[in-house]
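Asks: build the 3D model from these lines:
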Amino acid sequence: MKNKIAIFTLSLLGLYQPAQAITLIGWDIPTSATIPAVTGSTALTGMSVATGVTAGNFTMGTGLVSSTTTSAWRPSGYGTLLTEAAANTAGDYFAFQFGASSGYSVTVNGIGSGSWSTSSSGPAKMSMIYSTSSDFATYTTVATATATAGTNFNFASSFTTALANAPITIAEGATYFFRLVGFGATSTTGTGTGGLVGNLTAPDFSILGTTTSLALLNWTGGAGEWANGVAANWQNAAGTSTAWAAGKDGTIGNGGTLAVDAGGVTAGVVTVSGATAATFTGGAVSAGSLAMTAGSTLNLNNANSAVSGAIDLTDATLSGGNLAVGSAAVTVSTGTKTISTSLSGATATLTKSGAGELILSGDNTYGGQTAVAAGTLTTGKANILSDTATLKLDNLATLKLGGNETVGALNAAFGSTNNLQSFTLTAGGNNLSFSNGALTTGSGRIIKNGTGEMYLNQKSNNYTGGFTLNEGEVKF
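Replies: Next up, the predicted model:
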């Protein structure tokens, strides 16, 4: 009998989410295109690393035999070991580590994304453990999930709840070591498989939590100057007026107008919160990351600011200026929010989550993938998205065009919607093959360019503008 394969997606959408959590670190899990060897030799380097977090690798234990599918890193070699301790000693695990950099402490309180794929004779139990030493002479178990092998093995809610109830705090300069230990396989020959799916929106596996600057400053509100050596309007955690210095973290919770020094300022983590709008005037802000919480508003005016890492916006409004980013994660829970700031970054990506609508209306030039995990992404005018990167629509996600648009490829899940309105969507210019299962509506049209194949998996399309095949091949 062939092994039955079950794949589940580990996502916090619709599950418990730790308050104010950000992505601390993640990993792009490989598939058959890049088969990793045993521990360390082809360790995966962390990505989407938050400011205050030291990057760490993701590896496979020596007890496992590397193998993959087209969608997952799913090794074999799991023994019929009935205890977590025995499986850990035998090397039947995936391992990863990260820590807190100088000037920061890090708190781990959730799992961000990831998927596990297991065969019917694979490990029936999976534990997450951690230790302060790499040899795991002593360790702590976060949680253990149990399921019938070959069925959905969903550890998202239990592991996230466990971490939220008992967060892991990593002190300044320390590194913690983690393992995902598989045990209880039924195959006596070691053919049972289990591992992580690697064809999700990167990072495929990520850890959530918070970082705390040991020198965090808070803006007290109102109008004032944001410059090195200026203490007005800035206070430390004790409420003492403290001068701003390059690289510090800043929380703007009471709004106001911040006159940025003409030569610019540099910061670590910048957080904008509260219902009072914040406005930057003058020079540019260069930050390690930017977070905006629900109901907050930030106007960059005409400055060319930059965030080297991630921007994380939750039910927030960002307007004005130009912002170079490493990546952008935008959640709109309900209603409509707008980003009119022009986003740039040669490899920058944007991911839209939440059931609400996000309108992009800036003169964007960012070059990475745009992914819609839920809700609606609306382009406010023509040429908003990258011409060369992939546009990805997940199940129940919607793209709504507000002008003619060109993307490198269109990977749209069955159950998604592509509302052309009266505009033209051109796809395929990156010459990659892609699958379009979206229900396409409106009076606009689709143009297929590039040498790749386009797989059309939706028979209920009702758009009326027609289809043009300029290059490549279309399959139904």
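Asks: contacts and neighbour counts: CA atoms only from here.
Replies: Fine.
Asks: neighbours of Asn165, how many?
Replies: By the measure other Cα atoms under 10 Å, the count of residues near Asn165 is 12.
Asks: nope, Ser416 is what I meant
Replies: Residues within reach of Ser416, counting by other Cα under 10 Å, total 26.
Asks: do you know how far it is from Lys392?
Replies: 10 Å (Cα to Cα, to the nearest Å).
Asks: what do you get for Thr80?
Replies: Here the criterion is Cα to Cα. By it, Thr80 lies 40 Å from Lys392.
Asks: ditto for Asn299
Replies: Applying Cα to Cα, the value for Asn299 to Lys392 is 28 Å.
Asks: quick one, which of these two is more surrounded?
Replies: The residue with the greater number of neighbours, taking Asn299 and Lys392 and applying other Cα under 10 Å, is Lys392; the counts read 23 against 19.
Asks: ok, now which ones touch the more buried one?
Replies: In this structure, Lys392 makes contact with Gln369, Thr370, Ala371, Val372, Leu410, Asn411, Ala412, judged by Cα atoms under 8 Å, 6 or more residues apart in numbering.
Asks: same question, Thr378
Replies: If you count contacts by Cα under 8 Å, 6+ apart, Thr378 has them with Glu357, Leu358, Ile359, Leu360, Leu399, Lys400, Leu401, Gly402.
Asks: then Gly321?
Replies: Residues in contact with Gly321, defined by Cα under 8 Å, 6+ apart, are Asn299, Leu300, Asn301, Asn302, Ala303, Asn304, Ser305, Thr341, Ser342.
Asks: now the first one: how far from Ser206?
Replies: Using Cα to Cα, Asn299 is found at 30 Å from Ser206.
Asks: ok, back up a step: dump the contacts of Lys392 into TSV; add neighbour count as well.
Replies: What follows is the contacts of Lys392, written out as TSV (neighbours: other Cα atoms under 10 Å):
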residue	neighbour count
Gln369	25
Thr370	24
Ala371	22
Val372	27
Leu410	26
Asn411	21
Ala412	27
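Asks: show me which of those is closest to Ser273.
Replies: Checking those against Ser273 by Cα to Cα gives Val372 as the nearest, at 24.3 Å.
Asks: was I right about the closest one contacting Thr390?
Replies: No - with the criterion set as Cα atoms under 8 Å, Val372 and Thr390 do not qualify as a contacting pair; they are 11.2 Å apart.
Asks: which residue is nearest the middle of the protein?
Replies: The structure's the chain has its C-alpha centroid closest to Pro203; by Cα atoms, centre = their mean the separation is 5.6 Å.
Asks: wait, that residue sits on Ser113?
Replies: Yes - under the contact definition of Cα under 8 Å, Pro203 touches Ser113, with a separation of 7.4 Å.
Asks: gap between stretch 336-354 and the chain center?
Replies: Stretch 336-354 sits 13 Å away from the centroid of its parent chain (Cα atoms, centre = their mean, to the nearest Å).
Asks: mean confidence for it?
Replies: Within the predicted structure, the mean pLDDT of stretch 336-354 is 96.
Asks: confidence score at Leu15?
Replies: With respect to pLDDT, Leu15 scores 34.
Asks: ok, now Thr151?
Replies: Per-residue pLDDT puts Thr151 at 67.
Asks: do Lys248 as well
Replies: In the prediction, the pLDDT value recorded for Lys248 is 88.
Asks: tell me how far it lies from Gly52.
Replies: 11 Å.
Asks: so these two - more neighbours on which side?
Replies: Set side by side, Lys248 and Gly52 show unequal neighbour counts under other Cα under 10 Å, the larger going to Gly52 at 24 against 19.
Asks: show me what Thr281 is bridged to.
Replies: In this structure, Thr281 bridges to Ala259 when assessed by DSSP bridges.
Asks: restricting to C-alpha, output the strand or helix carrying Ala143 in PDB.
Replies: Taking DSSP states H and E as the criterion, the element that holds Ala143 is strand 140-146. As requested, the backbone C-alpha atoms of strand 140-146 are provided in PDB (Å, rounded to 0.1, in the frame of the first residue of the first chain):
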ATOM      1  CA  THR A 140      12.500  22.200  28.300                       C
ATOM      2  CA  THR A 141       9.500  20.900  26.300                       C
ATOM      3  CA  VAL A 142       7.300  23.600  25.000                       C
ATOM      4  CA  ALA A 143       4.400  21.300  23.900                       C
ATOM      5  CA  THR A 144       3.700  17.900  22.300                       C
ATOM      6  CA  ALA A 145       1.100  17.400  19.500                       C
ATOM      7  CA  THR A 146      -0.300  13.900  18.900                       C
END
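Asks: just to revisit the earlier point, by neighbours, which of the contacts of Thr378 wins?
Replies: Using other Cα under 10 Å as the neighbour definition, the contacts of Thr378 reach their maximum at Leu358, which records 31 neighbours.
Asks: now do the helix or strand hosting it, average pLDDT.
Replies: When secondary structure is defined by DSSP H and E, Leu358 falls within strand 357-360. The average pLDDT within strand 357-360 is 98.
Asks: tell me the helix or strand right after it.
Replies: Read in the C-terminal direction, the helix or strand following strand 357-360 is strand 370-372, with elements assigned using DSSP H and E.
Asks: show me where the stretch 1-150 of the chain has its strands.
Replies: Taking DSSP state E, counting those that start in this stretch, the strands of the stretch 1-150 of the chain run over residues 6-11, 22-27, 44-45, 53-54, 57-60, 72-73, 93-100, 104-118, 125-131, 140-146.
Asks: right, and the ones you listed - which one's nearest Gly182?
Replies: strand 125-131 (4.7 Å).
Asks: low-confidence ranges in the stretch 1-150 of the chain?
Replies: Counting by pLDDT under 70, the low-confidence segments of the stretch 1-150 of the chain come to 1-20, 32-43, 68-69.
Asks: swap in 90 and give it another go.
Replies: Of all residues in the stretch 1-150 of the chain, those with pLDDT under 90 make up the ranges 1-23, 26-52, 55-60, 62, 64-82, 101-105, 111-126, 144-150.
Asks: how far off strand 93-100 does the host helix or strand of Val181 point, in degrees?
Replies: Taking DSSP H and E as the criterion, Val181 maps to strand 175-183. With axes from the mean of the first three to the mean of the last three Cα atoms, to 10 degrees defining the directions, strand 175-183 sits at 160 degrees from strand 93-100.
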